[in-house]
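Undergrad: Give me a model of this one.
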Amino acid sequence: MDVRSLEQEKQLVERAQRDPEAFGLLYEQNYDAIFNYVLRRTGHVETAQDIVSETFFVALRSLGKFKWQGVPFSAWLYRIAINEMAGYFRRARVGTVSLEAMHEEGFEPPSDSDVEREALAWQEEIDRHLEYHAVRQAVDALPEHYQEVVALRFFAGKQIADIGVVLGKPQGTVKSLLHRGLEKLRQTLTQARYRATFGETSTYVEKGRGAHGQ
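TA: Numbers count the residues shown, from 1 in each chain. This next block holds a predicted model:
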């Protein structure tokens, strides 16, 4: 985002801090990116909808405390979404935030996002790709300090500098975490493929023995 765009966004944020209805513009500008990221991280449409609703609700409630740091507003939203995802999966039962609760805060969200309208169809597409599930599960299995660096790079398409802004880490640290995280991810996927292949071979051998019997 260039300097002019950042200044315009700063003005919009300041306006939204005085007028909750102006938050709708920030919501509209950032919803698709946040929803896409959460959907790719969770692999489940309804879960992503719940988490993104919580994310924007938290953002709306906390907007008065937000301090402009000269970086895109989306960086703050990604941090909230990451925290909400972590909290979502820690809780056995989750009480989701309804749009009515956001209305009470003075915010009227726009109509359904194009991304959300297409999400159910995309869910079916995801379910047909086991490799995607394998990668997502492998990312989830990484140590926590690697997970979001890897996820932001590949599920959100963020560059090193952007990841550093979102996570509040120096670029050198992000590079190191990304390098180590990818190496661990590669090892996990290699082992998973090996187990799958070995399992198929073992099954074949056992069937073969059964067919030719003792």
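Undergrad: nearest spatial neighbour of the residue nearest the centre of the chain, skipping sequence neighbours?
TA: With distances taken as Cα atoms, centre = their mean, Val38 lies nearest the centre of the chain, 3.0 Å away. The shortest distance from Val38 to any non-neighbouring residue, by Cβ to Cβ, 6 or more residues apart in numbering, is to Ala48 (4.5 Å). Bear in mind the C-beta positions are built from the backbone N, C-alpha and C, glycine included.
Undergrad: pLDDT wise, what is that neighbour at?
TA: Looking at Ala48, its pLDDT stands at 91.
Undergrad: So which elements touch the helix or strand hosting it?
TA: Applying DSSP states H and E as the criterion places Ala48 in helix 45-62. Packing partners of helix 45-62 (3 or more Cβ pairs under 8 Å, 6 or more residues apart in numbering; DSSP states H and E): helix 23-42, helix 73-90, helix 99-104, helix 114-127.
Undergrad: buried sites along that helix?
TA: Of the residues in helix 45-62, 45, 47-60 count as buried by neighbour count, 16 or more other Cβ atoms under 10 Å.
Undergrad: Could you point out which residue ranges in the protein have low pLDDT?
TA: 91-131, 193-214 (pLDDT under 70).
Undergrad: domains of this structure?
TA: Domain segmentation of the chain under automatic domain parsing yields 1-127, 129-214.
Undergrad: OK, contacts around the residue lying closest to Val135 once chain neighbours are set aside?
TA: Counting by Cβ to Cβ, 6+ apart, Leu189 is the residue found nearest to Val135 once chain neighbours are left out, at 7.0 Å. Each residue near Leu189 by Cβ atoms under 8 Å, 6 or more residues apart in numbering is listed here: Ala134, Val135, Ala138.
Undergrad: again, 10 Å this time
TA: Leu189 makes contacts with Glu131, Ala134, Val135, Gln137, Ala138, Val139, as judged by Cβ atoms under 10 Å, 6 or more residues apart in numbering.
Undergrad: I'd like those written out as JSON lines, with distance to Val71 added.
TA: Formatted as JSON lines, the contacts of Leu189 follow (distance: Cβ to Cβ, whole Å):
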{"residue": "Glu131", "distance to Val71": "34"}
{"residue": "Ala134", "distance to Val71": "34"}
{"residue": "Val135", "distance to Val71": "29"}
{"residue": "Gln137", "distance to Val71": "31"}
{"residue": "Ala138", "distance to Val71": "30"}
{"residue": "Val139", "distance to Val71": "25"}
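Undergrad: Which of those residues fall in helices?
TA: Glu131, Ala134, Val135, Gln137, Ala138, Val139 (DSSP state H).
Undergrad: what's around the third one, how many residues?
TA: Counted with other Cβ atoms under 10 Å, residues neighbouring Val135 total 20.
Undergrad: same deal with the fifth one?
TA: Around Ala138 there are 19 other residues, counting by other Cβ under 10 Å.
Undergrad: how much space between it and Lys65?
TA: Distance, Ala138 to Lys65, using Cβ to Cβ, to the nearest Å: 36 Å.
Undergrad: what number of residues lie near the closest residue in space to Leu177 that isn't next to it in sequence?
TA: Nearest residue to Leu177, sequence neighbours excluded (Cβ to Cβ, 6+ apart): Val149, at 4.4 Å. Residues near Val149, counting by other Cβ under 10 Å, number 27.
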